[in-house]
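Participant: sequence first, predicted model second:
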Amino acid sequence: MDSRANVSDTLDLSAIFDELYPLCRSITGSGTRRSLEIIGRHMPLEIVEVESGTQVFDWTVPPQWEIESATLTGPDGKTVVDFADHNLHVLNYSEPVDEKIELGELQKHLHSLPAMPDAIPYVTSYYAPKWGFCLTDRQRKTLKPGTYHAKIDSRKFKGHLTYGVAELKGETDELVLITSYVCHPSLANNELSGPLGLLSLYHKIAQWPKRRYTYRFLLIPETIGSICYLAAHGEELRQRLKGGAVLTCLGGHSKILNFKLTRADVLDQPYSVDHLARHLADVDPQGWKVRQFTPTSGSDERQFCSPGFNLPMVQIARTVYGQYDEYHTSLDTKEFMRIERVEDAAVRINQFFMAFDFEGQTLHNLSPNGEPNLGKRGLYPSTNSPLTWRLSSDTVFDARQTLNQILQILSYSDGNRDLRGIAEIVKAPVTQLVPVALQLESHDLVQRGARA
Amino acid sequence: MDSRANVSDTLDLSAIFDELYPLCRSITGSGTRRSLEIIGRHMPLEIVEVESGTQVFDWTVPPQWEIESATLTGPDGKTVVDFADHNLHVLNYSEPVDEKIELGELQKHLHSLPAMPDAIPYVTSYYAPKWGFCLTDRQRKTLKPGTYHAKIDSRKFKGHLTYGVAELKGETDELVLITSYVCHPSLANNELSGPLGLLSLYHKIAQWPKRRYTYRFLLIPETIGSICYLAAHGEELRQRLKGGAVLTCLGGHSKILNFKLTRADVLDQPYSVDHLARHLADVDPQGWKVRQFTPTSGSDERQFCSPGFNLPMVQIARTVYGQYDEYHTSLDTKEFMRIERVEDAAVRINQFFMAFDFEGQTLHNLSPNGEPNLGKRGLYPSTNSPLTWRLSSDTVFDARQTLNQILQILSYSDGNRDLRGIAEIVKAPVTQLVPVALQLESHDLVQRGARA
Amino acid sequence: MDSRANVSDTLDLSAIFDELYPLCRSITGSGTRRSLEIIGRHMPLEIVEVESGTQVFDWTVPPQWEIESATLTGPDGKTVVDFADHNLHVLNYSEPVDEKIELGELQKHLHSLPAMPDAIPYVTSYYAPKWGFCLTDRQRKTLKPGTYHAKIDSRKFKGHLTYGVAELKGETDELVLITSYVCHPSLANNELSGPLGLLSLYHKIAQWPKRRYTYRFLLIPETIGSICYLAAHGEELRQRLKGGAVLTCLGGHSKILNFKLTRADVLDQPYSVDHLARHLADVDPQGWKVRQFTPTSGSDERQFCSPGFNLPMVQIARTVYGQYDEYHTSLDTKEFMRIERVEDAAVRINQFFMAFDFEGQTLHNLSPNGEPNLGKRGLYPSTNSPLTWRLSSDTVFDARQTLNQILQILSYSDGNRDLRGIAEIVKAPVTQLVPVALQLESHDLVQRGARA
């Protein structure tokens, strides 16, 4: 694959995080564009622009939003909050304002969290024209009556919405889509963990010796971005997409990664990607769990799985909304997220897609009448005694595990199921069976066949 | 519907009960006829007569039974029991008798309940010619040896079996059948709760703004009555019946109403009426539960669900045989039954059939590609902040429930399922989703289609 | 059936055990042949010979093994172990040896069980040429340094593998196969319980008044024997076999008998024999349980269920490998096995196959419209009172059980299922329903029909 040459082998996710974190991303605008440029230095992102006002299904691409600066000044002339200090201080997509205003009236434009007095909340109003400031509740309580000066130097204009795409070609045109979003300002777990995990995953998949599927990577503003992408590529995805994942919230305290399954799964017509996810959660409950699809919360899987598309897209996350109070506040920081948790997620999601690349390839036992004579091939202990099986401490014991997996793969490789199907029967992770299956292939005892 | 005009809006179930209770009903005879006349004052019952001797499948309609009076007089000339005091004192369908008889011999004709010494048991012998008296075990133990005079002034003759039918027309000829029985003498829960509940339900269904199905109401003597009805209308029911219920034992102490599901359900081929019943028991276990079909006990569903018909008829009951000792004794009274429990049952069974009237109408999302923009229709909060979702006490919180149901109905309205199907996915009572679905219809976001 | 005449009605399993136990059976050789001759005195076994060197699928029939004597003599000239004392003392299929050997070198040819110091282990090496002695670990620890004389007078030559077959003809050519193995030397539960149970079962099935299926009985050396049988008869079994069982380990402490289900069952395509086994385990958990198929341990079902054949063969056992420490040692004795446990197994497996002989015959209610009038046929109590049902101590109560089963069979005999299907619905053992079904047949109320 020529794209492999373009990819650096050493990624410093921590340094890339530090570059990205301060930028004021939104669903449009230069914060998002600069973020894609930074990520694009480490993977070959094609940048796509969609004009404001474009009709995309039931939606209209909003005007582009740019903000230069914003300050709220107190009656005493001192700065209360400054956009330059933290970009969450301004309601995202604020209208411009330059107004003297009494505290009582100002309060309608202030946002804070009484239950989390030290957190600046993240508040947006993309489609209803509003302006506002966000601040800690502790600070808000200190505000004295008087006249304040609210000044937001922002503008909205007919510009563009921006997203980025990369692709790793496989042996077939069948597609796997891996997406995350770039639209939240200074938020770590619920923003940067996704693009950084996607970037690391890109590097891992680029290094596979071969890929059956073609892998496409997409970084978009949430909701309106995926709706734009579907408006342009929905029909292609309907034809070619075999599976994929929306990556979100890959950091934080949880050790378990979780799959939000597809809409089709909740309707009892699961996709292959659902089956594989359920399998891993079933045999490795310390590592993975599954959640049912719901349209009531989540990320871009809400759009990919909308009834008109119903695509085989799961969401993969670690610590999600509802599991951490820091969500959508200034406390969702690098320390909360933890870079190593994002990298751990990328490692395991890579294993997931390696197994996914094997889905649907049936296994055929080439010596199906009775058990093959494993002894003459050196695959079976030649002396049979209670020592061999039960009471001994010799190394034969370890071989027993492998022998069992050999016997299991042989027994169930009758052309009716793939390796994951066998793994489900024997309740072992499919990843563990892959090397055994390869050994049997090398002895001409099993052979992979066409899609079941 | 012209029938609505015939229906009084104010029903005094308690007063009607008091009229019906003293009558000596049986599977034929004037007690049953008078009962149908009384009920017929409150709903337009058509009276049907079936002649004695008519062959109905494996059965023969028995002779009509009439009883004028019955007394058992003791050796001292005093009356031991008198039919005029309580009609349970006579074995139902007794042969006439006028005989002097020693106590020892008389005992073979007496029935009492040692375990319930103050209850008169209800005993019948419709097909084997017998005579007998029933009394409390306490009284029976006081009987002195000597000669008794047993006198029962009854007769059996070639007459008729009688039942009553009413109908509320709907938009289609597809039929819902609601039945109960009139054949037990002075018994409250296990007799009058059924016809009274059916009468109240008739009034409620008559007031629906529209009915998709035609609703037929049937009051018959148990077993032989439903066999007669099936002999005459079984083929029609096979063609037209979409669902229905046998109402029995709607009073008593239990708060939960229960469905006895159809025979088809136990054979893993449930009807729509079974699915709806299971759904309600699943999401509202404090209100409803389900029992499996059994042919070994129950009411007329045993006939409607016999293998030759296998109709979609559930039984709906509150406090059934096995749950109360008063069953089939003089202690099954109005006080045990409680009129308000019967009315509560009618209210809830009415909700059940309102939902049933929606069964099988698929829902179609008219804006299926991505989520529709709910904000521009005023169906979505326009500012998105942690306050909106989690920490605030404002009224937005209540709206969240509705918003979730909007998103759920939109997501699953893909023409493959009806509203109950969606309710099952989201684990909410279908009755709760009806108003939300109507709101989405009014915004042209969903549309009801043909039967799935 | 003419074969019934050949069969003695009185079997003394204990005496037959005592004849068989001392013989040194192996996968070939005269010990196995003499065992088949002894059993053949009690059932008409046809003896089949397969020549050494015959290619059977992936295997080659090994040379015949014969052993005359074997002794290990100590440095002091005393006999350490002697094959004449216990045939487990020699590694089964040992090469001949006549060698003076130092203790250190000898240890490589000795086998004992440190964790079971008083047990002689059973060790084999059929395909890798080895020699060895087995002894208790307690004795092994007493061995003094010095020169030992190892002498095994055995030989391997181009001879035969031997097995035995008997058959009881039925009304059809559809086949039931019942097998066990003859290849272990002096081992009781894990050898003789199988052939003895099979022999007893042969006698029971021979006495059935009629058999729908033809019953074939097979006694073979384990693994290589069943592979030989499949090489010769596999295609016939594919065509004709409807079900069967491998009998193994029918003695020992467990009260419950267990079915190891077929390979097809674990692949969610269970056979009739699996359904019946699951049914019995479901309704009679004190009597039966089921285990999932696995190719990793077990007996000849591993070959019969190999993917090329996938036959409807369960394994039936009582106390299996992993449940008793005595497995494959000299402690697996008659006392451990217990003759009465083997006979109890035969009784219950006979009931299992009696029920199996009914599998697939649909039942048809000849009076399906409404309930038939049972009263006029004397199948129903004619007086209906609370006494009849609940509070009385009269004999009617017992009749209620039968009446319920009558009503259940009538309700579910609609030509869509067999008696076991009905038993599953009503959660009663199918064996209990057989007499009731026969009673209904005699009243022309139900009729057995063709395969569902």
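Facilitator: Great, that's in hand. Numbering: from 1, shown residues only, chains lettered A, B, ... in the order given.

Participant: so what pairs up with A:Thr214 in the strands?
Facilitator: Following DSSP bridges, A:Thr214 is listed with bridge partners A:Leu175.

Participant: could you check how many residues crowd around it?
Facilitator: Counted with other CB atoms under 10 Å in any protein chain shown, residues neighbouring A:Thr214 total 18. All C-beta spots, glycine's among them, are computed from the backbone N, C-alpha and C.

Participant: ditto for A:Gly287
Facilitator: A:Gly287: 14 neighbours (other CB under 10 Å).

Participant: how close does it get to chain B?
Facilitator: 28 Å (CB to the nearest CB, to the nearest Å).

Participant: surely that residue meets A:Arg348?
Facilitator: Yes: taking contacts as CB atoms under 8 Å, A:Gly287 lies within contact range of A:Arg348: 7.0 Å.

Participant: give me the common contacts of the two.
Facilitator: Residues touching both A:Gly287 and A:Arg348 (CB atoms under 8 Å, 6 or more residues apart in numbering or on different chains) are A:Leu257.

Participant: quick check: which ranges of chain A have low pLDDT?
Facilitator: Chain A contains residues with pLDDT under 70 at A:1-9, A:381-399, A:450-452.

Participant: chain B contacts on the stretch 151-300 of chain A?
Facilitator: Neighbours of chain B within the stretch 151-300 of chain A, by CB under 8 Å from any CB of the partner chain: A:Thr223, A:Ser226, A:Ile227, A:Leu230, A:Ala231, A:Gly234, A:Arg263, A:Val266, A:Leu267, A:Thr294, A:Pro295, A:Thr296.

Participant: neighbours around the residue in the stretch 151-300 of chain A that chain B sits nearest to, how many?
Facilitator: The stretch 151-300 of chain A approaches chain B most closely through A:Pro295 (3.7 Å), counting by CB to the nearest CB. Residues lying near A:Pro295 (other CB under 10 Å) number 23.

Participant: helix/strand/coil for it?
Facilitator: Secondary structure assignment for A:Pro295 (DSSP: H, G, I helix; E, B strand; the rest coil): coil.

Participant: with A:Thr319 instead?
Facilitator: Secondary structure state of A:Thr319, per three-state DSSP, is coil.

Participant: show me what contacts it?
Facilitator: Residues near A:Thr319 by CB under 8 Å, 6+ apart: A:Asn189, A:Cys249, A:Gly251, A:Gly252, A:His253, A:Ser254.

Participant: helix/strand/coil for the closest residue to it other than its chain neighbours?
Facilitator: Counting by CB to CB, 6 or more residues apart in numbering or on different chains, A:Gly252 is the residue found nearest to A:Thr319 once chain neighbours are left out, at 2.7 Å. Secondary structure, three-state DSSP: A:Gly252 is coil.

Participant: count the residues that sit near A:Gly252.
Facilitator: A:Gly252, neighbours per other CB under 10 Å, totals 23.

Participant: same deal with A:Gly449?
Facilitator: A count of nearby residues for A:Gly449, using other CB under 10 Å, gives 13.

Participant: that one should be in a helix, yeah?
Facilitator: No: assessed with three-state DSSP, A:Gly449 is strand; it does not lie in a helix.

Participant: how near is it to B:Gln107?
Facilitator: Counting by CB to CB, to the nearest Å, the gap from A:Gly449 to B:Gln107 is 82 Å.

Participant: one more: A:His42?
Facilitator: Taking CB to CB, one finds A:His42 at 101 Å from B:Gln107.

Participant: these two: which has the busier surroundings?
Facilitator: In this view A:His42 and B:Gln107 are compared by other CB under 10 Å, and A:His42 has more residues nearby, 20 against 12.

Participant: now the more buried one, nearest residue through space, not along the chain?
Facilitator: Leaving aside its chain neighbours, A:His42 sits nearest to A:Leu199 (5.8 Å; criterion: CB to CB, 6+ apart).

Participant: can you tell me how far the one you found is from chain C?
Facilitator: Counting by CB to the nearest CB - A:Leu199 and chain C are separated by 41 Å.
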